[in-house]
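Trainee: got a predicted structure here, sequence first:
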Amino acid sequence: VIIFAKLCLDNVEIEVVRKKVKHLYLSVRPPAGEVRMTVPPSLDRETIISFARAKLAWIKKQQAKILARPFPLAPDYVDGEIHCFFGRPYVLQVLATTGRPRVEVNTGASLLLLFVRPRSTKEERQKLLDAWYRRQLKAVIPGYLEKWQKVTGVAVDEWGVRKMKTKWGSCNIRARRMWLNLELAKKSPRCLEYVILHELVHLLERNHNHRFYTFLDQYLPDWRGRKAELDSLV
Ligand SMILES: [Zn+2]
């Protein structure tokens, strides 16, 4: 059984997970520098807090390192680069065309074909691919929203896709507006589905507290695996 608790020390949020472990473990994870402490089941609150306090400088240093890293690693949009689409890697192939610039997927050959004007710039190729990613995401989001709005009984009034540096998604509770990170087009749809549900659950519970995670456990029992997949760098 995993029991979650949340500590907040000096503006640093620390998720505390009780597990059958002998020692305390501390991790700071990408993309947003989330801090998690794994502690033995019976360890008292004072010890946990004093340990976290002693490690605070180290935590902040790790977070700074993670946030300083470009997100994502900047590609050049040239032949042979690997670009992911819905969790699968594709080899980019840049082809010159005098026709309409466009993107095509060759699933069998795992190719992402970028048809661009001759002598296109890196920025033009990036813009074309981003616009395509955005359309692919926008095509599948409504289905997941409909499914999970029915299950949770809450709904957003508005949603959109945009580039975000440190978050996979966000939900403005008052405006009932959800933003999803454009980068989700590169991750598997399982991850996208988790983010959509996560943000919807914020309409039921604002904070990442026990109640919040109880909702997640209830609606999507395998959400931790999906989150781990999302946080992994590949
Ligand atoms: Zn959240």
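Mentor: Everything's here; your move.
Trainee: and F215, that's in a helix?
Mentor: Yes. Applying DSSP: H, G, I helix; E, B strand; the rest coil, one finds F215 inside a helix.
Trainee: so it touches H202, yeah?
Mentor: No. F215 is not in contact with H202 according to CB atoms under 8 Å; the separation is 9.6 Å. Using the backbone N, CA and C atoms, a C-beta is placed for each residue, glycine as well.
Trainee: now G80. Its backbone dihedrals?
Mentor: When read as degrees, to the nearest 10, the backbone of G80 gives phi 90, psi -10.
Trainee: scan the chain for its longest helix.
Mentor: helix 122-152 (DSSP state H).
Trainee: so which elements touch it?
Mentor: Using 3 or more CB pairs under 8 Å, 6 or more residues apart in numbering; DSSP states H and E, the elements in contact with helix 122-152 are strand 82-85, strand 102-106, strand 111-116, strand 158-162, helix 189-201, helix 210-219.
Trainee: and the fifth one, what's buried?
Mentor: By 16 or more other CB atoms under 10 Å, the buried positions in helix 189-201 come out as 190-201.
Trainee: next: the first one.
Mentor: For strand 82-85, a neighbour-count test (16+ other CB under 10 Å) marks 83-85 as buried.
Trainee: got the confidence number for the one residue sitting closest to the centre of the chain?
Mentor: Taking CA atoms, centre = their mean, the centroid of the chain lies closest to W168, which sits 3.6 Å from it. Looking at W168, its pLDDT reads 94.
Trainee: give me the buried positions along the lengthiest strand in the chain.
Mentor: Assignment by DSSP state E gives strand 88-96 as the longest strand of the chain. If you call a residue buried by 16+ other CB under 10 Å, then strand 88-96 has these buried ones: 90, 92-94.
Trainee: then stretch 62-70?
Mentor: For stretch 62-70, using 16+ other CB under 10 Å, the buried residues are 62-63, 66.
Trainee: and what of stretch 41-53?
Mentor: In terms of neighbour count (16+ other CB under 10 Å), stretch 41-53 has its buried residues at 43, 48, 52.
Trainee: same question for stretch 103-119.
Mentor: Within stretch 103-119, judged by 16+ other CB under 10 Å, the buried ones are 103, 105, 112-116.
Trainee: and the gap between the residue sitting furthest away from the middle of the chain and W58?
Mentor: For the chain, the largest distance from the centre (CA atoms, centre = their mean) belongs to T98, which lies 36.8 Å off. T98 sits 56 Å away from W58, going by CB to CB, to the nearest Å.
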